[in-house]
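Novice: this one's sequence-less:
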């Protein structure tokens, strides 16, 4: 069954402790089910990150295959049904949209926590995703940045933070009136 693009995709993350094992996990997943790999990267500190999307059944099957293949090397995971529509394009590297209003940033200690936080924040209020970064070059952490009316950004910050266990949270900031140069800084992240 191929995923219907008119419905929100299922999105999944596997963080594997070994780069070599990570490649085997990726192979096992795509052999088991038809999913689209959005990220398959070695990331700091020496782990392998897999992010994939597709229909619910396919992602579930691929996740099962990935867990089996990862065995004792699995560090973290996330299976997210009905992911917010902005997440997949952000993972594919779309352009940074203009900042429109306040700016909110959530920083988490794992890629799985970052995506869970981003999904909850985006679903909470009318905000636009500005940036999504997973693990690469930042010691395995991730962050999400979104913009909108200040009350919407505040509600999204709260929802995104609450979606994640406290020990996986790394930072949360609101910039009520960001300077125009912040957009330039965001494009460099």
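Specialist: Alright, I've got the coordinates. This is a predicted model, so every value here is computed, not measured.

Novice: Give the phi and psi angles for residue 180, as a check.
Specialist: Main-chain dihedrals, residue 180, degrees, to the nearest 10: phi -50, psi -30.

Novice: so what's the residue positioned nearest the centre of the chain up against?
Specialist: Among the residues of the chain, residue 115 comes closest to the average C-alpha position under CA atoms, centre = their mean, at 3.0 Å. Counting by CB atoms under 8 Å, 6 or more residues apart in numbering, residue 115 makes contact with 11, 13, 51, 78, 80, 83, 87, 134, 142. Placement of C-beta: from N, CA and C, glycine included.

Novice: mind giving me the domain ranges of this protein?
Specialist: Listed by automatic domain parsing, the domain ranges of the chain are 10-80, 87-187.

Novice: before we move on, the earlier item: the residue nearest to the centre of the chain: what secondary structure?
Specialist: What DSSP: H, G, I helix; E, B strand; the rest coil gives for residue 115 is helix.

Novice: gap between it and residue 179?
Specialist: Residue 115 sits 28 Å away from residue 179, going by CB to CB, to the nearest Å.

Novice: Could you do residue 159 as well?
Specialist: Separation of residue 159 from residue 179 (CB to CB): 26 Å.

Novice: Return the item of the contacts of residue 115 having minimum pLDDT.
Specialist: The lowest pLDDT within these belongs to residue 134, with 89.

Novice: on that earlier part again, could you redo the contacts of residue 115 as TSV and give each row neighbour count?
Specialist: Below are those laid out as TSV (neighbours: other CB atoms under 10 Å):
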residue	neighbour count
11	25
13	27
51	24
78	20
80	21
83	23
87	23
134	27
142	26
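
Novice: Farthest-apart pair in the residues you listed, please.
Specialist: Maximum pairwise distance among these (CB to CB): 15.1 Å, between 83 and 142.

Novice: Can you give me the buried ones in stretch 167-175?
Specialist: For stretch 167-175, the neighbour count (16 or more other CB atoms under 10 Å) marks 168-170, 175 as buried.
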